[in-house]
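Asker: here you go, sequence then predicted model.
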Amino acid sequence: MYNPSPLPNGSVIENRYRIVCQLGQGGFGRTYQARDINQGNEYCVLKEFAPQLQSTNHLLKAQELFQREADILFKLKHPQIPCFRELRKVIFNGNEYLLLVQDYVEGKTYDKFVKGKQRFSEAEVIQLFLQVLPVLEYIHSQGMIHRDISPDNLICRKSDKLPILIDFGAVKQVAVTAISQFSSLPIGTQIGKNGYAPEEQMNRGEFSASSDLYALALTGLVLLTGKKPKELYDSYNTTWHWRREISLSPIFGTVLDKMLAYQPRKRYQSAREVRQVLEGSNSSKFASLLSRMKTRVVAPGKLLNSIINQSKTRINSTNREFRDIVIGVGITFFVVGFVWIVYKMKPVEPDPLRQQSPQSLPSKSLSSVEQKQQENIIKRREALKIPETEFNQKVDELFWAEYPELEKNRLGDTPEDFAFRQRWYQIAEEELDKLEQDKLL
């Protein structure tokens, strides 16, 4: 088996790259930190392509294929991806090496924060997501999937504190393509970390943009809790129990749940979707929503609540005479009674929460993505010939079991209610999955 010796520290490769130290070793070869003599001795990274193949002949063929396929790497141009400089074949001490040269990023990997017992706040993780998601949007638009997102493959760059995505999956993808022709190893098991990569990637070699989003969600939870992925998952019941470790806002919790869905089709299908949700629901809006949830009541109770609170404030904050108090209370009851009569006289409108899938939906005020979600739920329910009212009532009960504070509320079409609507859809889809499965039995 071909297995060249490590490049020794201090050695100079082709009068240009001086090896500083070995950074690591993986299934495809070693990684070195080096200095580029021709570029003012600036640091760079050399990735050696030296897979463990049975013969030198197989290795040479794999290297040739790697060189042909590596063109895609040099097309990647993003400020949060280390630049691929060149692919160089060199001979050192009688051994042949194929080296991929990349920019070096000075900083600290995020797993060092975890090992240092540093915990991230919800706002910090949301900020991290908003900084990483555009990078994923970019690589996915290039037809690539990273497939190995984790805290140790993200560097907090020292110069600007931006997260840099390293150990880029395209390198592994090209390497796997080259090796697969000369190795019997199953490709799907060669990329991704247990715990971070979803089941379909690790066991079946299937991957998509949602695979990267799954891994990013787990990275966020590890930074939030300090726990390993397996400590946040109940493998017996196949459910996540991260809520035992940390309390997050309902909106962000729902986003994480969807990113971590077991079935790929139930996850967000693009990094852009997640980014738009988070940008539309930033941390200040989370706080605003939580505050609003504590006092929010079904319309027209908002007006009633406001009137009563104003009366209480006037009574408690002043020393008015008893006569003024009586008059104030009397006026309050008069207004409350009048509002109640007007309300009872109005035709009862369907509750949007209870009517997520009536014939009048999907709502035109929602995004096209959300309209498609609603259409899908309607079609699946109708295919099963389940009465609309019966189905919606069941989903409502499950939804309210999670969010009892919303039991008397009406979910609207506003951005503030987006995450709650998404959770309602998710519960509806899970119920439909069970019903469809029962029908097959």
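Answerer: Good, I have the coordinates. A quick note: this is a predicted structure, and the numbers were derived from the prediction, not measured.
Asker: which stretches of the stretch 1-150 of the chain form strands?
Answerer: In the stretch 1-150 of the chain, the strands defined using DSSP state E, counting those that start in this stretch lie at 12-13, 17-26, 29-36, 42-48, 84-92, 95-103, 107-109.
Asker: leaving out chain neighbours, which residue sits closest to W400?
Answerer: Distance criterion C-beta to C-beta, 6 or more residues apart in numbering; nearest residue to W400, sequence neighbours excluded, is E407 at 4.5 Å. The C-beta positions use only the backbone N, C-alpha and C, and glycine is treated the same way.
Asker: still on that earlier bit, now tabulate the strands of the stretch 1-150 of the chain in a markdown table and tack on distance to A209, mean pLDDT and mean neighbour count.
Answerer: Formatted as a markdown table, the strands of the stretch 1-150 of the chain follow (distance: least, C-beta to C-beta, whole Å; pLDDT from 0 to 100; neighbours: other C-beta atoms under 10 Å):
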| stretch | distance to A209 | mean pLDDT | mean neighbour count |
| --- | --- | --- | --- |
| strand 12-13 | 37 | 92 | 17 |
| strand 17-26 | 24 | 90 | 15 |
| strand 29-36 | 26 | 91 | 20 |
| strand 42-48 | 25 | 92 | 20 |
| strand 84-92 | 22 | 86 | 15 |
| strand 95-103 | 24 | 86 | 20 |
| strand 107-109 | 24 | 93 | 18 |
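Asker: do you know which of these lies nearest N203?
Answerer: When the strands of the stretch 1-150 of the chain are compared by C-beta to C-beta, strand 17-26 sits nearest N203, at 20.5 Å.
Asker: neighbouring strands - and their directions - for the closest one?
Answerer: Strand 17-26 sits in its sheet next to strand 12-13 (antiparallel), strand 29-36 (antiparallel), going by DSSP bridges.
Asker: so what touches that strand?
Answerer: 6-13, 30-37, 41, 43-46, 99, 101 (C-beta atoms under 8 Å, 6 or more residues apart in numbering).
Asker: now the helices for the chain?
Answerer: With DSSP state H applied, the chain shows helices at 56-69, 110-115, 122-141, 169-180, 199-204, 209-225, 250-259, 271-280, 283-295, 301-317, 322-345, 368-383, 388-402, 418-440, listed in chain order.
Asker: pLDDT of the longest one, averaged?
Answerer: Rounded to a whole number, the mean pLDDT of helix 322-345 is 59.
Asker: tell me the confidence at G143?
Answerer: If you check G143, the pLDDT there is 84.
Asker: residues contacting it?
Answerer: Counting by C-beta under 8 Å, 6+ apart, G143 has no contacts.
Asker: for it, phi and psi?
Answerer: Dihedral pair for G143: phi 80, psi 20, per degrees, to the nearest 10.
Asker: tell me the spacing between it and L278.
Answerer: As judged by C-beta to C-beta, to the nearest Å, G143 and L278 stand 25 Å apart.
Asker: quick check: closest non-adjacent residue to K117.
Answerer: Once flanking residues are discounted, K117 sits nearest to G226: 6.7 Å by C-beta to C-beta, 6+ apart.
Asker: wait, that neighbour sits on F113?
Answerer: No - taking contacts as C-beta atoms under 8 Å, G226 lies outside contact range of F113: 9.3 Å.
Asker: the residue nearest to K117: what's it in contact with?
Answerer: V114, K117, R119.
Asker: and it, what's its pLDDT?
Answerer: The predicted local confidence for G226 is 93.
Asker: what's the answer for K266, then?
Answerer: 90.
Asker: how near is it to S210?
Answerer: 9 Å.
Asker: compare those two (neighbour count), which wins?
Answerer: Set K266 next to S210 and count neighbours by other C-beta atoms under 10 Å: S210 wins out with 25 against 17.
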